[in-house]
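Novice: need a 3D model of the sequence below.
(chains A and B)
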Amino acid sequence: MKKLLIITVIGFNYCVGIYFGVLNTVYSVLLALALFVVFRHLRRIKYSPYKEFTLSSETPPVTILIAMHNEEKVVLRSIRSALATEYPFFEVIIINDGSTDGTLQKVIDELGLKKVDRVYRTFLKTKPVKGFYYSLETPNLLVIDKEQGGKADALNCGINVSRSPYFCSLDADSLLEKDALIRVMTPLIDSNVPVIASGGVVRIINGLRLTDGITIEEIDLPDNTLLLFQIVEYIRGFLFGRVGWDSLRSLLILSGTFSLFQKASVVEAGGFMVGNLAEDMDMIVRLHRHMLKKKKPYRIRFVSDPICWTEAPDNFKMLGRQRRRWHLGLIQTIFQNREMTLNPRFGKIGVLVLPYYILFEILGPVIEVLGYPFVIISYFLGILSFDFLLLFLALAIFYGVFLSTASIFLEELTFKRYPKWSHLFKLLLYGVLENFGYRQINSFWRFEALIQYLLGRRKWELVHKKGHEEHMPTNAHGTPQ
Amino acid sequence: MQNKVIFSIIIVTIAALLLLIVALFLSSVIRRVYKERKYRRLDHLKKIFDKKIRESLESGTMMRTQSELLAPPNSDTWQAIEDVLLTMTNEEQYRDEVIKLISTLGYISFYEKQLKNRNVQVRALSVDRLGRMNSDASVPKLVALLDEKNPEIVSVVVRSLSRIGGQTALKAIVERLPVILDRSIVTRKAMGMALQAFGADAIPLLVEQKAGRDNLWVMSCILDILSRLPADPRSVRLAIEHLSSANVEVRSKALKVLGRAENIHMPHNLPELILALLRDPVWFVRLQAIRSIRALGNEAALAPVGKLIFDENWRVRNEAVQAFTALGERSLDIFLEVLAGTDRYAKDSICEEIERTNFSGQLIKNLTASDGGLQKKSRQVLEIMHSLGFSTPLSEFLAQDGDETEKDLIRSMIKTGSIA
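Specialist: The predicted model follows:
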């Protein structure tokens, strides 16, 4: 019995070693690619015509879709920033997904909307629509009130009503920078291969000081430790993770907070999947699946300069909910699209990227969480050298710190959105500190999600947003300025 | 032994990581210090040179000041002066003198030399700068780059040439039009935007482009560009010539040109030519035909568009409905004809458009109009709208302060489903 246990433990330890080596090699490759791509992008941006696109008839119309459910504290900010976007032809569609608070009434009152009768024609099946609200004063804005069906259902409803060939999904608690839409559209205009989806960078809004509710007056870091960890995490995730995967043309995730899609491709792929907890990732995976099956040329792009600011959870309870939901969504998506895994028909997405996600993203927390009891067992079985354990831990921590430092360096090279010296040092410090507790808690939440998935508990855990209660400045006619 | 090797590897890796972390940390700090100093200095220099250049230009003493503006390429002073001069090229009063000054100070020759650099991005940046500097003298060198294979370079060259403007640049682009169009979507889009920037000057060259006569795809692109340029009789003539083209893109783009040709003398038979295209088998040609007829402002010609309210394509139907709604009360007969029919989509589209454009408000006012015919037709349209579920304008009207006679009529309609 003891022998079997020893063999198991030794086997596990070897697996962990190999796993750790492969994972860190992948990260290193992604980081190297990200550095190369970011440098190239920075040089290109000097002569990029994106500003000219705001005046060009080559720029296609876009519909901004904002799904809202009980977001009365934050929704006005995202509507105002969406309406203030610098883009030649766009409409904004707000979908009230069965809010039970005053969200809808607040939007109607603040924007001076009136009920209009419209026929709801469905390409994508959704929950019934209860009403439409519109104002001649803001003709590019339409509010749809519908029965609750979840974010995916709300987005599908917006797609049904939208009349543009492209749509941009935006979270109801977000703030879109004025040039973000044209920047995220640039790869679609400036590409020889049809770009069917494109995503930008998401940053954490907590800590920002805003004037008139939508203009950034000063960027500051929040005092909350949890938020600081998340800021480092977002910088790392967007600046090296996504950029790296994009350069390999293997993106599986674009943030639903701010992504642009070609409507026809999304409709052909069946729209957003209702019931999936990560509808953004699911959409991207199904777009790959659809286009690869049809053997159509396509690209899915990530652009590192358009920025959308969004609110992040500032307490463990809400953060735990968010992370569990993300991980459950990831598992759901991979499982629902399992036909693609290791299937050469789906090219590198099927053969390399999906297996990577299964091994390192889905099962990563299992290895990490199980690692701790195995270390203790190994120690008691006498098969673990304490020196070796310390060295291995040091290696893992130093590698984590290295990745965070490299990401902050990338941030310095590119946007430098955190301009003060104190910001730089704080971010670097939190890049170190996150390895002591925060990463482990995250792994635990993801592990919990995996268990929940296996037990069939796949529910959307609502994350409450604090927001800033503000009124939209209006002119004499009650029109938003 | 084996353990020792593993230990050593891990220790070396940790040491390497530590070194990398320190290097990245120091790079971040040093870069920030360097950039902060550099930008502070650049801002300071920009202020000084902006003042100096403006004063010299205004006092006519630029010849004397020039020597003070000479700086080694890529130095902070060089960059600051370049930024100031580029900003000043957008100011009409200094434009010509600043362009001359840019050349005298050596910026043009510097960037022209960079055009031979092997790095694509350096070349592209130099092309872009020459365009921003409006360097007329660089046009031949830029034109030569139009024959490059790299679409990135070609796009930037086309944009820069359009910024510089002039017949040589324009001719060079139009002459290479078929090749540039063929090269990539990116270069095609860049060319469309660039030719727009040339404005009306591009029209005669585009109209006379011979390649378009043999290549229908090139012709469709030419017509597309013409449709975005100011209205011109030559564009209209070319468009009319191609209205009956065998190529669907050409027909559609020809209609687009006609749709934008306001205030241009048109041949008398033009509405007939366009009306024929209302029966085109391709939906976007029919859609464009409606838009062109609307743009002609010939109401008599609009009557046949009524049939397209029942078109099989929803975009065509919507366009037809919008065309009629814009006519206001004069569209009531057509609307009533459709609303009395069985096509639910067409009926819904009309009701939606009436509500969206607030034409419903006018219809409510018409309920008490002195013109009996108008009153009756407005009432009928409102009744049908109500029966189809488009009652919000009625209920909203009742909720507001307003004419009680009109309100009574509406109450009666809501109660009985029709106005007594």
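Novice: can you name the residue of chain B nearest chain A?
Specialist: Chain A sits closest to residue B:128 of chain B, with a gap of 3.7 Å, by CB to the nearest CB. All C-beta spots, glycine's among them, are computed from the backbone N, C-alpha and C.
Novice: which residues touch that residue?
Specialist: Contacts for residue B:128 were tallied using CB atoms under 8 Å, 6 or more residues apart in numbering or on different chains; they are A:46, A:47, B:156, B:159, B:160.
Novice: which non-adjacent residue is nearest the last one?
Specialist: Distance criterion CB to CB, 6 or more residues apart in numbering or on different chains; nearest residue to residue B:160, sequence neighbours excluded, is residue B:131 at 2.5 Å.
Novice: what's the local residue count around the one you found?
Specialist: 24 (other CB atoms under 10 Å in any protein chain shown).
Novice: any idea how far it is from residue B:169?
Specialist: For residue B:131, the distance to residue B:169 equals 10 Å [CB to CB, to the nearest Å].
Novice: which residues do these two both contact?
Specialist: B:142, B:161, B:162.
Novice: can I get those residues in TSV including secondary structure, pLDDT and neighbour count?
Specialist: Below are the shared contacts of residue B:131 and residue B:169 laid out as TSV (DSSP: H, G, I helix; E, B strand; the rest coil; pLDDT from 0 to 100; neighbours: other CB atoms under 10 Å in any protein chain shown):
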residue	secondary structure	pLDDT	neighbour count
B:142	helix	94	24
B:161	helix	92	28
B:162	helix	90	24
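Novice: just to revisit the earlier point, just the closest of the contacts of residue B:128 to residue B:79, please.
Specialist: For the contacts of residue B:128, the minimum distance to residue B:79 (CB to CB) is 12.4 Å, reached by residue A:46.
Novice: could you report the neighbour count for residue B:10?
Specialist: Number of residues near residue B:10 (other CB under 10 Å) recorded here: 16.
Novice: from residue B:21, how far off is it?
Specialist: For residue B:10, the distance to residue B:21 - CB to CB - is 16 Å.
Novice: model confidence for the residue of chain B closest to chain A, exactly?
Specialist: Residue B:128 is assigned 93 on the pLDDT scale.
Novice: then residue A:478?
Specialist: 33.
Novice: quick check: mean pLDDT across the helix or strand harbouring residue A:184?
Specialist: Using DSSP states H and E, residue A:184 falls within helix A:180-189. The average pLDDT for helix A:180-189 rounds to 89.
Novice: elements contacting it?
Specialist: helix A:50-53, strand A:62-68, strand A:166-171, strand A:195-204, strand A:258-262, strand A:299-310 (3 or more CB pairs under 8 Å, 6 or more residues apart in numbering or on different chains; DSSP states H and E).
Novice: and these: which comes nearest residue B:27?
Specialist: strand A:299-310 (19.0 Å).
Novice: can you tell if that closest one touches chain B?
Specialist: No - Strand A:299-310 does not reach chain B (CB under 8 Å from any CB of the partner chain); its nearest approach is 12.3 Å.
Novice: which elements pack onto that strand?
Specialist: With 3+ CB pairs under 8 Å, 6+ apart as the test, strand A:299-310 has helix A:2-44, strand A:174-176, helix A:180-189, strand A:195-204, helix A:243-247, strand A:258-262, helix A:279-294 packed against it.
Novice: pairing partners for the shortest one, with directions?
Specialist: The reference is to strand A:174-176. strand A:299-310 (antiparallel) (DSSP bridges).
Novice: what parts of the stretch 101-250 of chain B come near chain A?
Specialist: B:121, B:124-125, B:127-128, B:151, B:155-156, B:159, B:184-186, B:189-190, B:192-193, B:196, B:228.
Novice: buried subset of those residues as a ChimeraX selection?
Specialist: A single ChimeraX command is used to select the members of those judged buried by 16 or more other CB atoms under 10 Å in any protein chain shown:
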select /B:121,124,125,127,128,151,155,156,159,184,185,186,189,190,192,193,196,228
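Novice: what about the chain, any weak spots by pLDDT?
Specialist: Because you didn't say which chain, this covers chain A. Within chain A, the segments meeting pLDDT under 70 span A:55, A:57, A:460-481.
Novice: switch to chain B, that's the one I care about
Specialist: B:1-2, B:212, B:298-299, B:416-420.
Novice: and the longest helix for it?
Specialist: helix B:2-59 (DSSP state H).
Novice: how about the residues of the stretch 301-450 of chain A by chain B?
Specialist: So far as CB under 8 Å from any CB goes, the stretch 301-450 of chain A lies against chain B at A:385, A:387-388, A:391-392, A:394-395, A:398-399, A:401-402, A:405-406, A:408-409, A:412-413, A:416, A:421, A:424, A:428.
Novice: out of the residues you listed, which are buried?
Specialist: Here, 16+ other CB under 10 Å leaves A:391-392, A:394-395, A:398-399, A:401-402, A:405-406, A:408-409, A:412-413, A:424, A:428 buried among those.
Novice: just the ones of the residues you listed in helices?
Specialist: A:391-392, A:394-395, A:398-399, A:401-402, A:405-406, A:408-409, A:412-413, A:424, A:428.
Novice: nearest to residue A:451, of those?
Specialist: Closest to residue A:451, out of all of these and judged by CB to CB, is residue A:392, at 26.2 Å.
Novice: who touches the closest residue to the closest one other than its chain neighbours in this structure?
Specialist: Residue nearest to residue A:392 in three dimensions, not counting chain neighbours: residue B:10, with 6.8 Å by CB to CB, 6+ apart. The neighbours of residue B:10, taking CB under 8 Å, 6+ apart as the test, are A:391, A:392, A:395.
Novice: list the buried residues in stretch B:73-81.
Specialist: B:76, B:77, B:78, B:79, B:80, B:81.
Novice: wait, a helix at the last one?
Specialist: Yes - judged by DSSP: H, G, I helix; E, B strand; the rest coil, residue B:81 forms part of a helix.
Novice: list the contacts for it?
Specialist: So residue B:81 contacts B:45, B:49, B:53, B:69, B:71, B:105 (CB under 8 Å, 6+ apart).
Novice: follow-up on the earlier one: for the buried ones among the residues of the stretch 301-450 of chain A next to chain B, which one is nearest residue A:230?
Specialist: Nearest to residue A:230 among those, with distances taken as CB to CB, is residue A:408, at 14.0 Å.
Novice: tell me how far the closest residue to the closest one other than its chain neighbours lies from residue B:243.
Specialist: Sequence neighbours aside, residue A:427 is the residue nearest to residue A:408 in space, at 5.1 Å (criterion: CB to CB, 6+ apart). Applying CB to CB, the value for residue A:427 to residue B:243 is 63 Å.
Novice: check residue A:308 too.
Specialist: In terms of CB to CB, residue A:308 sits 46 Å off from residue B:243.
Novice: which of those two has more neighbours?
Specialist: Using other CB under 10 Å, the more surrounded residue of residue A:308 and residue B:243 is residue A:308, with 26 against 20.
Novice: I figured the more buried one was touching residue A:175, is that so?
Specialist: Yes - Residue A:308 is within contact range of residue A:175, at 7.0 Å (criterion: CB atoms under 8 Å).
Novice: picking up where we left off before, I'd like the helices and strands packed on helix A:180-189 as TSV, with distance to residue A:98 appended.
Specialist: Formatted as TSV, these follow (distance: least, CB to CB, whole Å):
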stretch	distance to residue A:98
helix A:50-53	37
strand A:62-68	10
strand A:166-171	17
strand A:195-204	25
strand A:258-262	23
strand A:299-310	22
